[in-house]
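Sequence and computational prediction follow.
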Amino acid sequence: MNNHPEWNELTPEEHHVIAEKGTERAFTGEYVNHKAKGIFICRRCNTPLYNSSDKFDSHCGWPSFDDEIPGAILRHTDISFGMKRVEITCANCGGHLGHVFDGERFTEKNTRHCVNSLSIRFVADPA
């Protein structure tokens, strides 16, 4: 399931989340409790999205970040399911990542990027 010759091949589950704006079940993603140092890249196009230093435990069931790599994320109004939310996508390929929430006071930056593990891939620091 690849719509662009330079994009990575996706599993049906990854395609559903990234291309069809799906959501993985809470607490099932591989990065929910991930603590290693490195960066998180887009699973579809390998664009760097998040630094591990911006990841925090929000207990929401999905990986949470309070900041993104500058220019990596686009925000869109999402009115699906009778709610008004802010969807976040990869700025390079448009792949769905999840949603961003402000004002929850989890961190000093007061923002939470709630990201599907299926949308990202971790790359460890080489140190």
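Sure, I can see it. Numbering: from 1, shown residues only.

Run the chain-centre distance for stretch 110-121.
Centroid separation between stretch 110-121 and its chain, computed with C-alpha atoms, centre = their mean, to the nearest Å, is 3 Å.

Mind listing what's buried along it?
111-121 (16 or more other C-beta atoms under 10 Å). No exception for glycine: its C-beta is placed from N, CA and C like everyone else's.

can you redo the residues you listed as CSV with secondary structure?
CSV is the format used below for these (DSSP: H, G, I helix; E, B strand; the rest coil):
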residue, secondary structure
T111, strand
R112, strand
H113, strand
C114, strand
V115, strand
N116, coil
S117, helix
L118, helix
S119, helix
I120, strand
R121, strand
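
list the buried ones in stretch 35-48?
38-47.

Then stretch 66-82?
Counting neighbours by 16+ other C-beta under 10 Å, stretch 66-82 gives 66, 68-69, 72-73 as buried.

which of those residues sit farthest apart?
D66 and A72 (14.2 Å; C-beta to C-beta).

Quick check: the gap between I69 and E20.
I69 sits 25 Å away from E20, going by C-beta to C-beta, to the nearest Å.

between the buried residues of stretch 66-82, which is closest to E104?
Comparing these against E104 with C-beta to C-beta places D66 closest, at 9.9 Å.

Surely the closest one is in contact with C114?
No - contact criterion C-beta atoms under 8 Å: D66 and C114 do not qualify, at 11.0 Å.
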